[in-house]
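Engineer: Below are the sequence and a predicted model for it; my questions follow.
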Amino acid sequence: LDTAPPWDGIHSLEEYMKKRYGVASVLAAAALAASAVVGAPAQAASRTIVVWADEQRGPQLEKLINGNTTIAPGYTIQVKFFSALDALQSAWDKSTAAGGPDIITGPASFASQGAKSGKLARLGASATITNSIPKAGLSAMTYSKGLYGVPLDVDTTAFLWNKSLFGASAPATFGDMVDYYTANKSAKGLTGGICAFEGTWGSHAVLTALGGGAWASKGSNANYSKVTLNSSAFKSNVEKYLLDSSGKSNGFFQWDGCGDAFKAGKIPFAITGAWNFDGITKAGVNFGLGATPGLTANTKGAQWVNYSGAYVTSYAKDHGVDLGARKLVTQWFASTEGQLAMSQLSKRPPASKSATAKVTDPQTLAVGRAAATGTPQVSPALDNKTGGANWYDVLDGVFKDIFTKGKSVDSTLDAAAAILAKNFANYDATN
């Protein structure tokens, strides 16, 4: 029938059927229709995609996508976040298909870890992703030529100075910061000069500003055959800027639990990421942003620069949500809109070039400029333990030995470099 009733005085489909086919036929058709409805399966319930995150990204994702049913039609998104990155890492390490996530967000180190363990699913590099994400971002998510994650944003730190203490302009050199600390330590009750909020990871800008760091560079490439932690320049500058006349720490360099002191105005300079900016602002600190000053004007320390990512786990297939999880990661997490929305909440520079072009927040832009002076963080090399301990554990031991126990700079750094040389050589030979 091509039009709505009435049809020549007939006011319903039932009346039409009776007139044309007879009452018996109508009753039979009705019974058949009823049986079809009874026997039809119920519409499948929406399946749940579980996303894991840390305490920083989790609340942001909860606002943006928790409970969403439109990004991946037929699926409901559920965000679960942990108390800290360490807690997320621990839960991920212990996870199984029985209770593990379908998607996990976290640092680029998750890519190599998850690829090796089989806990992450390999992704296809669509034209959208390869055209919008910088090669460095894709490289950070790649293991053994396979892409295992979508880069979300730049994971790095910036240099902060307390304007109320030091002044409106940033210090020109590292020495300027030390001089300020020395001159004002007693009068202003300073408990330190510079605070690396994120410990050994966040301290790399201090190391490189003083001529140290992990490895040297050969052009734009890492030179893993040359460890710079025990360079003669770094040894000399540690003694000059970070120790007193007796060879003990002068208190300027702080790396362990010093964030609250910076917020309280007891430390004038800091190195940290965008995730701490809101807390610092709420503490009442009026701060400037830039790159860590080097030994001479216009030189800068190089902080680690990496990417955080979103990863589809192999558990998603076990849970029957692999298709939806891939759609969420490759179409929303990788999209201009998704990355810009995350950036607006986190203040981190987005990985997507199209999203970056739309950033207007001055703090986010400042972090992006600081990142330009950074060193690419090659997590598998830093995590390598061939020599007995990875970069972070070695560095933690170095800091404690030199600045807490007062041990020899020369012997401490040489012993550490011997371990790192084995780590980096092993990574270089196998990659």
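Structural biologist: Received it, and whenever you're ready, just let me know what you need.
Engineer: Residues in contact with the helix or strand encompassing Gly114: which ones?
Structural biologist: Secondary structure from DSSP states H and E places Gly114 in helix 109-117. If you take Cβ atoms under 8 Å, 6 or more residues apart in numbering as the criterion, helix 109-117 is touched by 92, 104, 119-120, 122, 140-144, 146, 148-149, 309, 311, 313, 379-380, 383. For glycine as for every other residue, the C-beta is placed from the backbone atoms N, C-alpha and C.
Engineer: And those residues, which of them are buried?
Structural biologist: 92, 104, 119-120, 140-143, 148-149, 309, 311, 313, 379-380, 383 (16 or more other Cβ atoms under 10 Å).
Engineer: Chain neighbours aside, what residue packs nearest to Ile194?
Structural biologist: Phe269 (4.2 Å; Cβ to Cβ, 6 or more residues apart in numbering).
Engineer: I figured that neighbour hits Ala196, correct?
Structural biologist: No. The pair Phe269 / Ala196 is not scored as a contact, 10.1 Å apart, by Cβ atoms under 8 Å.
Engineer: how close does Cys258 sit to Val367?
Structural biologist: Distance of Cys258 to Val367, computed by Cβ to Cβ, to the nearest Å: 20 Å.
Engineer: whoops, Thr299 was the one
Structural biologist: Distance of Thr299 to Val367, computed by Cβ to Cβ: 20 Å.
Engineer: what do you get for Gly124?
Structural biologist: Look at Gly124 and Val367: by Cβ to Cβ, they are 31 Å apart.
Engineer: More neighbours: those two, which one.
Structural biologist: With neighbours defined as other Cβ atoms under 10 Å, Gly124 and Val367 compare such that Val367 has more, 23 against 9.
Engineer: that older thread, which of the contacts of helix 109-117 fall within helices?
Structural biologist: Judged by DSSP state H, these include 92, 140, 379-380, 383 as members of helices.
Engineer: of all these, which two lie farthest apart?
Structural biologist: The span of the ones in helices among the contacts of helix 109-117, defined through Cβ to Cβ, is set by Trp92 and Ala140 at 17.8 Å.
Engineer: Where does pLDDT dip in the protein?
Structural biologist: For the chain, the stretches with pLDDT under 70 are 1-45, 220.
Engineer: Try it again at 90.
Structural biologist: Under the criterion pLDDT under 90, the flagged ranges of the chain are 1-46, 124-140, 143-145, 217-221, 298, 369-374, 378-380, 430-431.
Engineer: for it, what's the longest helix?
Structural biologist: Ranking each helix of the chain by length (DSSP H) puts helix 409-430 first.
Engineer: Send me it as CSV with only the CA atoms.
Structural biologist: Backbone C-alpha positions of helix 409-430 (Å, rounded to 0.1, in the frame of the first residue of the first chain) are rendered in CSV as follows:
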residue,chain,number,x,y,z
VAL,A,409,81.5,12.5,42.8
ASP,A,410,84.2,10.9,40.6
SER,A,411,83.9,7.3,41.9
THR,A,412,80.1,7.4,42.2
LEU,A,413,79.5,8.7,38.6
ASP,A,414,82.1,6.4,37.1
ALA,A,415,80.5,3.3,38.7
ALA,A,416,77.1,4.4,37.6
ALA,A,417,78.3,5.0,34.0
ALA,A,418,79.8,1.5,33.8
ILE,A,419,76.3,0.0,34.5
LEU,A,420,74.6,2.3,32.0
ALA,A,421,77.2,1.6,29.3
LYS,A,422,76.2,-2.1,29.4
ASN,A,423,72.5,-1.2,29.4
PHE,A,424,72.7,1.1,26.4
ALA,A,425,75.1,-1.1,24.5
ASN,A,426,72.6,-4.0,24.9
TYR,A,427,69.7,-1.9,23.7
ASP,A,428,71.6,-0.5,20.8
ALA,A,429,72.7,-4.0,19.7
THR,A,430,69.2,-5.5,19.8
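Engineer: just checking, His204 touches Glu198?
Structural biologist: No. Taking contacts as Cβ under 8 Å, His204 lies outside contact range of Glu198: 9.7 Å.
Engineer: If we go by neighbour counts, what in stretch 274-283 is buried?
Structural biologist: Those would be 274-277, 280, for stretch 274-283 by 16+ other Cβ under 10 Å.
Engineer: Looking at those residues, which is nearest Ser236?
Structural biologist: Asn276 (31.9 Å).
Engineer: Leaving out chain neighbours, which residue sits closest to Ala370?
Structural biologist: Closest residue in space to Ala370, ignoring its immediate chain neighbours: Ala158 at 4.1 Å, by Cβ to Cβ, 6+ apart.
Engineer: can I assume that neighbour is in contact with Thr364?
Structural biologist: No. Between Ala158 and Thr364 there is no contact under Cβ under 8 Å: 10.3 Å.
Engineer: Give me the common contacts of those two.
Structural biologist: Counting by Cβ under 8 Å, 6+ apart, the contacts common to Ala158 and Thr364 are Ala274.
Engineer: dump the residue contacts of the residue nearest the centre of the chain.
Structural biologist: With distances taken as Cα atoms, centre = their mean, Ser308 lies nearest the centre of the chain, 2.9 Å away. Contact analysis of Ser308 by Cβ under 8 Å, 6+ apart lists 57, 105-108, 151-153, 155, 348.
Engineer: Distance check, it against Cys258.
Structural biologist: For Ser308, the distance to Cys258 - Cβ to Cβ - is 24 Å.
Engineer: Just give me the neighbour total for the residue lying closest to Ser249 once chain neighbours are set aside.
Structural biologist: Spatial nearest neighbour of Ser249, excluding adjacent residues (Cβ to Cβ, 6+ apart): Phe403 at 4.1 Å. Phe403: 21 surrounding residues under other Cβ under 10 Å.
Engineer: swap in the one 4 residues further on?
Structural biologist: Residue crowding around Lys407 was assessed by other Cβ under 10 Å; the count is 15.
Engineer: which residue sits closest to it, ignoring its sequence neighbours?
Structural biologist: Using Cβ to Cβ, 6+ apart and skipping the chain neighbours, the partner closest in space to Lys407 is Asp401 (4.2 Å).
Engineer: what about that neighbour, how many residues close to it?
Structural biologist: Using other Cβ under 10 Å: Asp401 sits among 18 other residues.
Engineer: That concludes my questions; thank you for your assistance.
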